[in-house]
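In: Fold the stuff below for me.
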Amino acid sequence: MPTIAIIGSTGRNAVAWTEAFLAAGFGIRSLARIPEALPRRPGVTPVGFDLDDPATHAPALAATDVLALVTPADPRQTGRELALIEAAAKKPVFGCQMCGQCVLHSTGMTCPMNCPKTLRNGPCGGVRADGHCEVKPEMKCVWLKGYERADHMPGIPQSWRAEYDHMRPPVDNRLKNTSSWVNFATKRDRQTPAGWQPEGHE
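Out: Got it, this is the predicted structure:
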C-alpha cells in the first residue's frame, strides 16, 4: 500500500482529501503540530510535524511515498509548506540551496548556488586545469558541470540549452529559503535592483 503524507490536517479540505486518498487505497500519515488532536481512524497515522522545527521534518516524511499539500486559508502558510515540498524534491537530486530564484533549467540542471562564490553567470578565473574548484579542490566546478550537462544531457529542451549563455540578475538574498515556484508564479523572482539590466537590453 503506498503511503501519502498530508500537511494541513485540519479543516474541511483536509477531511475531504483524507477521505479521497483512503478511498483510493492510500495509507495516510497525517502531519500536524498536535497529532493527538487528529481524528483516529483505520489507515490514518497521526504524525507530529512542525514547520518551524526542522528536527520534525525527516521523521515525519520517512517511509512516505507521496507528499500532499492541503491549502490552508493563510497564503503565507501555503508558501512555507510549498517551500518544504520543493526542498524535499530538489535538494536530494540537484543539491538545491533554496535561493528562491531557481535557474536550474538554464544551467544544465546544475544549481549554481553550490559554487563557493555563488556565481550566477559562469565560472571564475580560478578553475583548475583538471576542471575543479580553486576553493574546494575536491569539487568539480559547478559551471563546468552545468556546461557539460547543458550540452549533452538528454531530455533538456533546446530552448533551455540556449539559456546557458544568458545573463542572470543578482541574487535577492531576501528570497532565501522561500519557494521559487511561488516566486515564479507571483513574478517576485523577476524583480531586479534599480539600474540593472543585461547587456543588449534597453
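
In: Quick check: pLDDT value at residue 146.
Out: Listed pLDDT for residue 146 reads 92.

In: An error on my part: the question was meant for residue 81.
Out: With respect to pLDDT, residue 81 scores 71.

In: count of neighbours near it?
Out: For residue 81, the count of nearby residues is 20 (other Cβ atoms under 10 Å). For every residue, glycine as well, the C-beta is placed using N, CA and C.

In: Likewise for residue 134?
Out: Around residue 134 there are 14 residues (other Cβ under 10 Å).

In: Identify the residues contacting residue 137.
Out: Neighbour list for residue 137: residue 128 [criterion: Cβ atoms under 8 Å, 6 or more residues apart in numbering].

In: Look at residue 108 and tell me its secondary structure.
Out: Here residue 108 is recorded as coil under DSSP: H, G, I helix; E, B strand; the rest coil.

In: Buried residues in the helix ranked longest in the chain, which are they?
Out: In the chain, with assignment by DSSP state H, the single longest helix is helix 75-94. Neighbour-count burial for helix 75-94 flags 78-88, 90 (criterion: 16 or more other Cβ atoms under 10 Å).

In: pretty sure residue 121 is in a strand, no?
Out: No: checked against three-state DSSP, residue 121 lies outside a strand; its state is coil.

In: so who does it touch?
Out: Going by Cβ under 8 Å, 6+ apart, residue 121 touches 167-168.

In: Break this protein into its domains for me.
Out: By the assignment in automatic domain parsing, the chain contains the domains 3-73, 104-170.

In: Least reliable of those domains by average pLDDT, please.
Out: domain 3-73 (a mean of 61).

In: quick one on the thing from earlier: now the buried residues of helix 75-94 in JSON lines, with distance to residue 190?
Out: Shown next, in JSON lines, are the buried residues of helix 75-94 (distance: Cβ to Cβ, whole Å):
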{"residue": "78", "distance to residue 190": "20"}
{"residue": "79", "distance to residue 190": "17"}
{"residue": "80", "distance to residue 190": "21"}
{"residue": "81", "distance to residue 190": "23"}
{"residue": "82", "distance to residue 190": "18"}
{"residue": "83", "distance to residue 190": "18"}
{"residue": "84", "distance to residue 190": "23"}
{"residue": "85", "distance to residue 190": "22"}
{"residue": "86", "distance to residue 190": "18"}
{"residue": "87", "distance to residue 190": "22"}
{"residue": "88", "distance to residue 190": "25"}
{"residue": "90", "distance to residue 190": "20"}
